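**Student:** A structural model of the following input is requested.
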Amino acid sequence: MGSRTKSRELALQMLYQWEVGSHPPAYVEQTFMHGRNLAPDVDAFARSLFSGAVSEVTSLDRTIAGHAEHWRTERMPAVDRNILRLALYEMLHHPETPGAVVINEAIELARRFAAADSVEFVNGVLDAIWKSLPQAQPKA
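**Tutor:** Okay, here's the model as predicted:
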């Protein structure tokens, strides 16, 4: 597993713990990451994705809801919702990672942590979001 993949997995787990446990972000980071002995780049990227997604959760959820036809964000399974938040945050704030890679990584997270039908759902929502973003538009 690559370092970025591991970071995404850790960030997803922290997001889930934050939301489901209703813990403050600093508490989640401290307790979840304590004693993991991660490579510095894995640790830093995981924390960056987690804290960034938490800080922008309202705006991320608004964008997700606008592209998830017939689904209110609060009615989505928590794992799906947090995979979408994580991927959207990365799309918006880490342009060095191609959108297709972010979507593929999100699909892999869904395969690993979510229900079987979540893979198609995550793919469809993220594809629609990606196509709507300015950085996804062809250069003139």
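**Student:** elements contacting the lengthiest helix in the chain?
**Tutor:** Looking across the chain with DSSP state H, the single longest helix is helix 3-21. Counting contacts by 3 or more CB pairs under 8 Å, 6 or more residues apart in numbering; DSSP states H and E, helix 3-21 packs against helix 25-33, helix 40-55, helix 78-93, helix 99-113. C-beta: built from backbone N, CA, C; applies to glycine.
**Student:** Number of residues surrounding the residue lying closest to E105 once chain neighbours are set aside?
**Tutor:** Distances taken as CB to CB, 6 or more residues apart in numbering put R8 closest to E105, at 5.5 Å, once the chain neighbours are dropped. Around R8 there are 26 other residues, counting by other CB atoms under 10 Å.
**Student:** For R8, give its distance to L15.
**Tutor:** 10 Å (CB to CB, to the nearest Å).
**Student:** Next: S3.
**Tutor:** 19 Å.
**Student:** more neighbours, the two?
**Tutor:** Ranked by neighbour count (other CB under 10 Å), S3 and L15 place L15 first, with 25 against 15.
**Student:** That one and L86 touch, don't they?
**Tutor:** Yes: judged on CB atoms under 8 Å, L15 makes contact with L86 at a distance of 6.2 Å.
**Student:** anything in contact with each of these two?
**Tutor:** Common neighbours of L15 and L86 are listed as A53 (criterion: CB atoms under 8 Å, 6 or more residues apart in numbering).
**Student:** as a whole number, average confidence for stretch 41-51?
**Tutor:** For stretch 41-51, the mean pLDDT works out to 94.
**Student:** Give me the distance from that stretch to the chain's centre.
**Tutor:** 12 Å (CA atoms, centre = their mean, to the nearest Å).
**Student:** can you check stretch 73-88 too?
**Tutor:** For stretch 73-88, the distance to the chain centre is 8 Å (CA atoms, centre = their mean).
**Student:** any residues touching stretch 117-132, and which ones?
**Tutor:** Contacts of stretch 117-132 (CB under 8 Å, 6+ apart): 63-64, 67-68, 77, 79-80, 83-84, 87-88, 91, 99, 102-103, 106-107, 109-111, 114, 136.
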